[in-house]
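[1] I need the structure of the sequence given here:
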Amino acid sequence: MLVLRLAQGKETGIGSYSLFVENRTASSPYRNPFGSLEFSATITPKEVFDFIGWTEKQLIKKGVKEIVVKSFPVGYNPQHSSMLNTFLINHGFQIQNAELSSLIDVADKALLERMTSWEKRKLRQSDGAQLRFMQLPIEKAFDVYSFIRSCREERRQSISMTWDQVDMVVRTFSKQIFFFGVFDNQHMAAASLSIQVNAKILYNFYSGHARKYDSFSPAVMLVNGIYRFCQKEKFSYLDLGTSALKGKPNFTLLDFKMHLGALPTSKHTFYKKIKE
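    Numbers count the residues shown, from 1 in each chain. Below you'll find the predicted structure:
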């Protein structure tokens, strides 16, 4: 991993850029959902622009021929994203992929007030069936992962990370990983692995529910419970992730998230081939 930093006077952390170089391709990030440049509010637009150009020169020295930058959702910081994305294009990057993430603005009011009538009905059904939402200890990491993987397999869908990869992330970032579940007595009906992006944002990285509980749609109770957790822990946003299938919008999933009260926000992947 190559980490490039921008300093200003006595400050050394006003800008950073984490890249993984492999086979002459520099990627930010390597496997995570998003990466890109990070910079503080004290940095000027010109410094951001010049930093992008400087980092490219450092990568050329290391023999890099391609750069892939997977940016964070625009809704995380609209002002930051608009400037950064524009400057990447100014530097010759092209948009390789465009997705929609779904963000819920965590407020004082209950999520129930934002849901459509259908989702409210599903939440009442789950309550009536005595399904229970729970936050799970980190010791349940394998159980949650195995359950979500089985849910994907039921739908003939793949999962992007193996258990060994997830286990390494969990052990490395144990204080930033959270597990949640919806239970029917002792049986798991739905589950989530969520990651704390920063002090303001919780990202619902993996989630799923068993097909036999489709009629209850326990994912509604799951998201409602995670939202209440975000309120308790003072998060500003709950990111429900992207809604894509084979590079195209998954409208069923996108509609579901919006019906829960989420708003769509752009998430771009940028690409540049370095000229000889």
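
[2] contacts and neighbour counts: CA atoms only from here.
    Noted.

[3] low-scoring stretches of the chain, by residue?
    Applying pLDDT under 70 to the chain flags the ranges 1-15, 31, 276.

[4] the domain parsing of it - what is it?
    2-99+267-273, 107-235 (automatic domain parsing).

[5] Span of the longest one from start to end?
    Distance between the two ends of domain 107-235: 9 Å, counting by C-alpha to C-alpha, to the nearest Å.

[6] where along this structure do the strands fall?
    Taking DSSP state E as the criterion, the chain carries its strands at 2-8, 11-22, 25-28, 37-39, 66-70, 94-105, 132-136, 177-184, 187-196, 201-209, 237-242, 244-245, 248-249, 263-273.

[7] TSV for those, including distance to residue 256 and mean neighbour count?
    Formatted as TSV, the strands of the chain follow (distance: least, C-alpha to C-alpha, whole Å; neighbours: other C-alpha atoms under 10 Å):
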stretch	distance to residue 256	mean neighbour count
strand 2-8	38	14
strand 11-22	34	17
strand 25-28	30	22
strand 37-39	31	19
strand 66-70	25	23
strand 94-105	10	19
strand 132-136	19	18
strand 177-184	18	22
strand 187-196	16	22
strand 201-209	13	22
strand 237-242	11	24
strand 244-245	13	14
strand 248-249	13	13
strand 263-273	11	19
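
[8] any chance of the ones you listed in TSV, with distance to residue 119 too?
    As requested, the strands of the chain are arranged in TSV below (distance: least, C-alpha to C-alpha, whole Å):
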stretch	distance to residue 119
strand 2-8	44
strand 11-22	40
strand 25-28	37
strand 37-39	37
strand 66-70	32
strand 94-105	15
strand 132-136	16
strand 177-184	16
strand 187-196	16
strand 201-209	15
strand 237-242	16
strand 244-245	21
strand 248-249	21
strand 263-273	16
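
[9] So in the protein, which helix runs the longest?
    helix 45-61 (DSSP state H).

[10] and that one, what does it pack onto?
    Packing partners of helix 45-61 (3 or more C-alpha pairs under 8 Å, 6 or more residues apart in numbering; DSSP states H and E): helix 78-90.

[11] so the helix it packs on versus strand 66-70, what angle?
    160 degrees (axes from the mean of the first three to the mean of the last three C-alpha atoms, to 10 degrees).

[12] Identify the residues contacting helix 78-90?
    Here helix 78-90 makes contact (C-alpha atoms under 8 Å, 6 or more residues apart in numbering) with 37, 45, 48-49, 52, 72-74, 270.

[13] Which among those residues count as buried?
    Taking 16 or more other C-alpha atoms under 10 Å as the criterion, what is buried in the contacts of helix 78-90 is 37, 48-49, 52, 72-74, 270.

[14] need the contacts of helix 78-90 in JSON lines with distance to residue 232, can you?
    Below are those laid out as JSON lines (distance: C-alpha to C-alpha, whole Å):
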{"residue": "37", "distance to residue 232": "30"}
{"residue": "45", "distance to residue 232": "35"}
{"residue": "48", "distance to residue 232": "35"}
{"residue": "49", "distance to residue 232": "38"}
{"residue": "52", "distance to residue 232": "38"}
{"residue": "72", "distance to residue 232": "24"}
{"residue": "73", "distance to residue 232": "24"}
{"residue": "74", "distance to residue 232": "25"}
{"residue": "270", "distance to residue 232": "36"}
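
[15] any idea which of those is closest to residue 227?
    Residue 227 lies nearest to residue 73 out of those, by C-alpha to C-alpha, at 18.8 Å.

[16] give the contact list for the residue lying closest to that closest one once chain neighbours are set aside.
    What sits nearest to residue 73 in space, not counting adjacent residues and going by C-alpha to C-alpha, 6 or more residues apart in numbering, is residue 267, at 4.4 Å. With contact taken as C-alpha under 8 Å, 6+ apart, residue 267 is in contact with 70-74, 98-101.

[17] who does residue 267 bridge with?
    residue 99 (DSSP bridges).

[18] From residue 40, how far out is it?
    20 Å.
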